[in-house]
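I would like to see how this sequence folds:
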Amino acid sequence: MNDRVATAPKTVIHAIQYRDLAAALEWLCRAFGFEKHRVVDGAKGAVQYAEVSFGDSIIMLGSARDPKFDGILTHPDEIGGAETQTCYLIVEDADAQYAKARAAGADIVLDIGDDDDGGRVFTCRDLEGHIWNFGTYKPRYIPAGAMPAGWHSGATARGGYNKLILALGSLLFAVALAVTAGGVHYAAGQLTQIQTVKVVAKRAASEAREQVIQEQARRETAEREAKEAKALFDNRRTALAVAERAANEAREQVIQEQTRRKAAEREARAVQANLKRERAALAAAERAASEASEQVIQEQARREAAEREIREVQANLLRERTARRAAERAVTEAREQTIQEQDERHAAQRQTKETHTVLLPERRPVRAVPAQNVPIAADQNVKTPPSENPERTIVGTSPPFYTLDLGGF
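Prediction:
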């Protein structure tokens with residue numbers, strides 16, 4: 001079973017069609033305070049049907065493009081702005097509703113004022129010309145069995161009271177006239193009139209009793225309504241007390257929230273200040289790091305240059321040491337060779353001398369010729385290691401040697 005099929009008691013729901021249902025829906029909610037209850041979109045995404053709530057009531061809104069209502073319903077602007085029926089909405093504050101509707105651009109047809117029942121009422125048109133009535137008068141439904149007799153005949157009740165008052169007035173007038181006249185005959189003449197007045201009075205009294213019964217029924221109804229109103233008032237007073245307590249709690253909560261918000265704002269400001277300081281410190285640290293990085297790069301460049309220079313110096317020093325060692329080896333070899341040659345020459349000289357001494361005749365004198373100075377090595381200041389024969393030690397320039405000139409021998 002469809003859950004939207006009515007199972008509640010009989011009720012009345014107003015239905016209206018609009019050409020631009022989407023725009024009308026938004027306008028009605030803004031101008032009259034309706035609330036969207038249900039919105040149904042069509043195949044192309046346009047609003048096709050909607051339901052709005054107003055208090056405990058529902059109003060159905062349809063699209064004028066629905067073909068099944070062609071020739072049945074029409075718009076006010078198609079018949080000169082007239083309406084064949086209107087909707088009456090009950091509000092607690094008609095003036096506030098009037099101001100809201102007028103501010104939204106509603107066309108005021110009947111300005112706000114007091115009606116015959118003591119309520120406030122006004123009539124206006126919406127943006128497509130439909131008429132709406134708003135008022136504070138609230139008709140009350142009374143079942144047929146509980147309706148007092150003569151509920152719809154207030155004039156008849158008032159006529160019964162008038163007849164009773166007229167009959168009693170006539171009776172009193174006749175009695176007063178009989179006493180003041182002092183005549184028995186005159187009083188007897190008025191007896192018929194008095195009896196007639198009695199009949200009228202009885203009839204008026206009967207009508208008065210019926211009126212009293214009706215008034216009792218009205219009073220009982222009024223008492224019931226008063227009890228209902230009192231109960232409603234008590235409920236509203238209880239609800240008001242609950243609302244006041246809720247409002248007080250809400251105010252306290254708002255105060256607490258404001259206190260928390262202020263504390264949070266102070267904390268946020270402090271955090272922002274700390275963040276600002278941290279950012280400044282970070283920027284300074286980054287600048288210092290950048291400067292340090294540049295210095296490190298410069299130091300690395302200087303170190304690399306120094307290392308290159310050291311490597312070059314070491315290479316040069318190694319070459320010089322190698323050259324010096326080679327030169328020293330050459331000097332040592334030259335010295336050794338020189339010493340060897342000197343030893344050989346000395347040995348040769350001694351042998352030659354000995355030979356000459358043995359072989360030369362006495363007649364031919366021996367003439368000594370000084371030998372030329374012989375350089376020992378390129379480095380004249382380098383001392384040679386001592387020889388086994390001290391006489392063969394050479395320091396600097398070798399001493400002169402004497403050779404034998406054998407002449408033509």
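
going forward, measure contacts and count neighbours with C-alpha atoms only.
Fine.

check which helix or strand covers residue 277.
Residue 277 is part of helix 191-359, with elements assigned from DSSP states H and E.

where's residue 284 relative to residue 277, distance?
For residue 284, the distance to residue 277 equals 10 Å [Cα to Cα, to the nearest Å].

Output the contacting helices and strands for the helix holding residue 277.
helix 154-181 (3 or more Cα pairs under 8 Å, 6 or more residues apart in numbering; DSSP states H and E).

Give the rounded mean pLDDT of the helix it packs on.
Mean pLDDT, helix 154-181: 46.

what do you get for stretch 338-354?
In this model, stretch 338-354 has a mean pLDDT of 89.

Could you pull out the buried residues of it?
For stretch 338-354, a neighbour-count test (16 or more other Cα atoms under 10 Å) marks 338-339, 342, 349 as buried.

Adding distance to residue 87 as columns, could you present these in CSV?
Listed next are these as CSV, based on distance: Cα to Cα, whole Å:
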residue, distance to residue 87
338, 147
339, 149
342, 153
349, 163
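
Phi, psi for the closest residue to residue 40 other than its chain neighbours please.
Once flanking residues are discounted, residue 40 sits nearest to residue 49: 5.1 Å by Cα to Cα, 6 or more residues apart in numbering. Dihedral pair for residue 49: phi -150, psi 150, per degrees, to the nearest 10.

beta partners of residue 49?
Following DSSP bridges, residue 49 is listed with bridge partners residue 40, residue 62.

what about it, how many neighbours?
Residue 49 is flanked by 20 other residues according to other Cα atoms under 10 Å.

can you tell me which residues contact it?
When contacts are counted by Cα atoms under 8 Å, 6 or more residues apart in numbering, residue 49 touches 21, 39-41, 60-63.

now do residue 253
Counting by Cα under 8 Å, 6+ apart, residue 253 has no contacts.

mind checking how far it is from residue 261?
Residue 253 is 12 Å from residue 261, by Cα to Cα.

Then residue 306?
Applying Cα to Cα, the value for residue 306 to residue 261 is 64 Å.

just residue 328 next, same as before
Distance from residue 328 to residue 261, by Cα to Cα: 94 Å.

what do you get for residue 76?
From residue 76 to residue 261 the distance is 55 Å (Cα to Cα).

Ok, residue 92 next?
For residue 92 relative to residue 261 (Cα to Cα), the value is 38 Å.

again, but for residue 62
Applying Cα to Cα to residue 62 and residue 261 gives a distance of 48 Å.

Where does pLDDT dip in the stretch 1-150 of the chain?
By pLDDT under 70, the low-scoring segments of the stretch 1-150 of the chain are 1-9, 141-150.

Go again with 90.
1-12, 42-46, 63-86, 115-118, 138-150 (pLDDT under 90).

Could you pull out the strands in it for me?
With strands called from DSSP state E, counting those that start in this stretch, the stretch 1-150 of the chain shows them at 15-18, 35-41, 47-54, 57-63, 87-90, 107-114, 120-125, 131-135.

If you count neighbours, what's buried in the first one?
Read it as strand 15-18. Result for strand 15-18 [16+ other Cα under 10 Å]: buried residues 17-18.

Need the CA coordinates for that strand. PDB is fine.
What follows is strand 15-18, C-alpha atoms only, in PDB (Å, rounded to 0.1, in the frame of the first residue of the first chain):
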ATOM      1  CA  ALA A  15      -4.200  23.200  -4.600                       C
ATOM      2  CA  ILE A  16      -2.900  25.900  -7.000                       C
ATOM      3  CA  GLN A  17      -1.200  25.800 -10.400                       C
ATOM      4  CA  TYR A  18       1.600  28.100 -11.600                       C
END
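
List the neighbouring strands of that strand plus their orientation.
strand 57-63 (parallel).

In the strand it pairs with, which residues are buried?
Buried-residue list, strand 57-63, by 16+ other Cα under 10 Å: 58-63.

same question, stretch 83-90
By 16+ other Cα under 10 Å, the buried positions in stretch 83-90 come out as 88-90.

Could you measure from the residue nearest to residue 39 when sequence neighbours are not counted over to residue 82?
Excluding its sequence neighbours, the residue lying closest to residue 39 (Cα to Cα, 6+ apart) is residue 50, at 4.3 Å. Separation of residue 50 from residue 82 (Cα to Cα): 24 Å.

Please say which of those two ends up with more neighbours.
Applying other Cα under 10 Å to residue 50 and residue 82 shows that residue 50 carries more neighbours, namely 19 against 13.
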